[in-house]
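Peer 1: Requesting a structural model of the entry that follows:
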Amino acid sequence: MTAPLIHGYEVVIGFETHAQLATHTKIFSRASTAFGAEPNTQASAGCLALPGTLPVMNREAVTCAIKLGLALGSRIAPRSQFDRKHYFYPDLPHGYQISQLDIPVVQGGEVSFYLGEEKKTVRLVRAHLEADAGKSIHDEFPSETGIDLNRAGMPLLEIVTEPDMRSSAEAVAYAKALHQIVTWIGVCDGNMQEGSFRCDANVSVRKPGQPLGTRREIKNLNSFRNMQIAIDYEIRWQIEQLEDGLSFAQATVLFDPDTGETRAMRTKEDAADYRYTPDPDLPPLVIAPEWIEQVKATLPELPSAMAARLVEQYGLPEYDATTLTQSQAMAAYFEAAAAACGQPKLASNWVMGEISRRLNAEEIGMDAVQVSSAQLGQLIARISDGTISNNAAKQVFEALWSGEGTEVDAVIEAKGLKQMNDTGALEAIIDEVLANNAANIEQYKAGKDKAFNALVGQVMKASKGKANPAQVNALLKAKLD
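Peer 2: Here you go, the predicted structure:
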């Protein structure tokens, strides 16, 4: 489906994502990558660019690159090279960043995801290894800038897409899908607040059929919510400029979450401005086929493959399977609950419903779920065998979550939530209701369905909500028809 035009303009978006690799040491030195240390306490002589220091490649970082390439269906270059990207910032001691330009380690690939019920695929250009810069701190010292080099030399994979996205919603869905993959395979912790997963969105607009418009790059978007707000603002701003007959330059812009606006930081450089040169201190990176096979053997079942299996094995809708595989923890929780109750679709509904609702409300992850998969499975089993109703099950769930009880059956008993399933007792209640509601009976026999619902309501009221609704419906119909 073609994305709708905005005031007659087509939106074009590409992404550059910096994923900080989950290694113990930096990409070219043995300095620690642990987050939160005192400023400049995790900067080695190499990070500081002291004379005589040389970079040494971190094998663990290369393994991460291979993993990601395999997960994305990319080509792993058997031989890639490192280059120096020159620019001069106070937080870049060398005066250049070690990166990859002409021959990156990961080439091509794609990321597929769902936008609503529509499947989308974004093509990847490359993913290359590079060393991060340090951090400039502008708000802690009056009239001065502080420099923290703890981040200098952190191992990054920069993942670059083709300009395939046509809306902010599609861009956010892509970013979430990529975030899911890098965390799933364990190459990045995905912590956006700590800067482990940083997204830059290249946004431009054009009239249909025209060449690509002037793009502006929104840097360092650190949440999916801010990502969508920033892209939407940038789209509106660019269209307003063009509609007013104004032009604008290719630029790097920052998003201000307080105002919801983007503002230009600097004119956007092209590759030539960085004066790339091959790094003379690093030999080519050679990856043997045997190394790739070794890494492939360690990969977990990937989200797309697991989603397909959930559809095949459990008969789930594709939407359910895609939702459940947003994280390994959620997928594992679902499978354990489904095994415990033998009702996979009901287990899926509860995980996507009540479980997800509580996680979102309390802003916690699957590791903090207060109802175990075994408890959920037992709860679903009690719904399936008619012991409790769906409404009663929600009360049991709340009790388990809040720690009022640990055993499903004990909570049901303590709260008096067991359904009335005794046919004789139900028939006695139904007979009494029918004897007192002649008007509703006449209306039902005259074809008015609402009259039947009214009778069901009377039976449920008389049973204090404990009657099994399905059984009530069946018995009532048998007596009335």
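Peer 1: what's Ala133 in contact with, if anything?
Peer 2: Ala133 makes contact with 89, 91-92, 97, 151-152 under the criterion Cβ atoms under 8 Å, 6 or more residues apart in numbering. C-beta coordinates here come from the backbone N, C-alpha and C atoms, glycine included.
Peer 1: Assign it to helix, strand or coil.
Peer 2: Secondary structure state of Ala133, per DSSP: H, G, I helix; E, B strand; the rest coil, is coil.
Peer 1: Secondary structure element holding the most centrally placed residue in the chain?
Peer 2: Geometric centre of the chain, nearest residue: Lys176, 3.7 Å, by Cα atoms, centre = their mean. Using DSSP states H and E, Lys176 sits within helix 168-184.
Peer 1: So which elements touch that helix?
Peer 2: Using 3 or more Cβ pairs under 8 Å, 6 or more residues apart in numbering; DSSP states H and E, the elements in contact with helix 168-184 are strand 10-20, helix 59-71, strand 110-115, strand 118-131, strand 197-206, helix 224-243, helix 303-314.
Peer 1: Average pLDDT for it, rounded please.
Peer 2: For helix 168-184, the mean pLDDT works out to 96.
Peer 1: For that helix, which outside residues touch it?
Peer 2: With Cβ under 8 Å, 6+ apart, helix 168-184 has contacts from 3, 11, 13, 15, 17, 19, 68, 71-72, 111-115, 120, 122, 159, 161, 165, 188-190, 197, 199, 201, 224, 227-228, 231-232, 235, 300, 302-303, 325-328.
Peer 1: again, but for stretch 355-366
Peer 2: Applying Cβ under 8 Å, 6+ apart, the set of residues contacting stretch 355-366 is 327, 329-330, 333, 368-371, 376, 401.
Peer 1: okay, those residues in JSON lines with neighbour count next?
Peer 2: Formatted as JSON lines, the contacts of stretch 355-366 follow (neighbours: other Cβ atoms under 10 Å):
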{"residue": "Ser327", "neighbour count": "17"}
{"residue": "Ala329", "neighbour count": "12"}
{"residue": "Met330", "neighbour count": "20"}
{"residue": "Tyr333", "neighbour count": "21"}
{"residue": "Ala368", "neighbour count": "10"}
{"residue": "Val369", "neighbour count": "19"}
{"residue": "Gln370", "neighbour count": "15"}
{"residue": "Val371", "neighbour count": "23"}
{"residue": "Leu376", "neighbour count": "27"}
{"residue": "Trp401", "neighbour count": "16"}
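Peer 1: domains for the chain, by residue range?
Peer 2: 10-293, 301-415, 423-480 (automatic domain parsing).
Peer 1: Glu312: how many residues sit nearby?
Peer 2: Using other Cβ atoms under 10 Å, Glu312 is surrounded by 10 other residues.
Peer 1: ok so, going back, want to try JSON lines for the helices and strands packed on helix 168-184, with distance to Ala439 as columns?
Peer 2: Output for the helices and strands packed on helix 168-184, formatted as JSON lines (distance: least, Cβ to Cβ, whole Å):
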{"stretch": "strand 10-20", "distance to Ala439": "61"}
{"stretch": "helix 59-71", "distance to Ala439": "66"}
{"stretch": "strand 110-115", "distance to Ala439": "51"}
{"stretch": "strand 118-131", "distance to Ala439": "51"}
{"stretch": "strand 197-206", "distance to Ala439": "64"}
{"stretch": "helix 224-243", "distance to Ala439": "55"}
{"stretch": "helix 303-314", "distance to Ala439": "47"}
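Peer 1: Now tabulate those in a markdown table and tack on mean pLDDT and distance to Val295.
Peer 2: A markdown table is the format used below for the helices and strands packed on helix 168-184 (pLDDT from 0 to 100; distance: least, Cβ to Cβ, whole Å):
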| stretch | mean pLDDT | distance to Val295 |
| --- | --- | --- |
| strand 10-20 | 97 | 17 |
| helix 59-71 | 98 | 4 |
| strand 110-115 | 91 | 19 |
| strand 118-131 | 96 | 15 |
| strand 197-206 | 96 | 21 |
| helix 224-243 | 96 | 29 |
| helix 303-314 | 95 | 17 |
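Peer 1: closest one to Pro104 among those?
Peer 2: Between Pro104 and the helices and strands packed on helix 168-184, the tightest spacing by Cβ to Cβ is seen for strand 118-131, at 3.6 Å.
Peer 1: report the angle between the axes of the closest one and strand 110-115?
Peer 2: Per axes from the mean of the first three to the mean of the last three Cα atoms, to 10 degrees, the angle that strand 118-131 makes with strand 110-115 is 140 degrees.
Peer 1: who does strand 118-131 touch, helix- and strand-wise?
Peer 2: helix 59-71, strand 96-99, strand 106-107, strand 110-115, strand 155-161, helix 168-184.
Peer 1: ok, and what's touching the fourth one?
Peer 2: In this structure, residues lying in contact with strand 110-115 by Cβ under 8 Å, 6+ apart are 72-73, 119-124, 161, 169-170, 173-174, 176-178, 181, 304, 319, 322.
Peer 1: CA atoms of that strand as PDB?
Peer 2: Output of strand 110-115 as PDB, limited to C-alpha atoms (Å, rounded to 0.1, in the frame of the first residue of the first chain):
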ATOM      1  CA  GLU A 110      17.000  -6.200   5.100                       C
ATOM      2  CA  VAL A 111      14.700  -5.700   8.100                       C
ATOM      3  CA  SER A 112      11.000  -6.800   7.800                       C
ATOM      4  CA  PHE A 113       8.200  -5.800  10.200                       C
ATOM      5  CA  TYR A 114       4.500  -5.100  10.400                       C
ATOM      6  CA  LEU A 115       2.900  -1.700  10.200                       C
END
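Peer 1: Now do that strand: distance to the chain's middle.
Peer 2: Its chain's average C-alpha position is 12 Å from that of strand 110-115, according to Cα atoms, centre = their mean, to the nearest Å.
Peer 1: and whatever helix or strand Leu346 lives in, which residues are buried?
Peer 2: Assigned by DSSP H and E, Leu346 belongs to helix 344-350. Under the neighbour-count criterion of 16 or more other Cβ atoms under 10 Å, helix 344-350 has 344, 346-348, 350 buried.
Peer 1: Check stretch 27-36 too.
Peer 2: 27-29, 31, 33.
Peer 1: shaky segments in the stretch 201-350 of the chain?
Peer 2: Within the stretch 201-350 of the chain, the stretches with pLDDT under 70 are 268-269.
Peer 1: one more time with 80, if that's ok
Peer 2: When residues are selected by pLDDT under 80, those of the stretch 201-350 of the chain lie in 266-272.
Peer 1: ok, Gly8 - contacts?
Peer 2: Contacts of Gly8 by Cβ under 8 Å, 6+ apart are Lys207.
Peer 1: Give me the phi and psi angles of it.
Peer 2: Per-residue torsions, Gly8: phi 90, psi 0 (degrees, to the nearest 10).
Peer 1: what about it, distance to Leu246?
Peer 2: Per Cβ to Cβ, to the nearest Å, Gly8 is found 17 Å from Leu246.
Peer 1: Now do the closest residue to Leu54 other than its chain neighbours against Ala77, distance only.
Peer 2: Sequence neighbours aside, Asp281 is the residue nearest to Leu54 in space, at 5.3 Å (criterion: Cβ to Cβ, 6 or more residues apart in numbering). Between Asp281 and Ala77 the computed distance is 20 Å (Cβ to Cβ).
Peer 1: same check, this time on Thr183
Peer 2: 24 Å.
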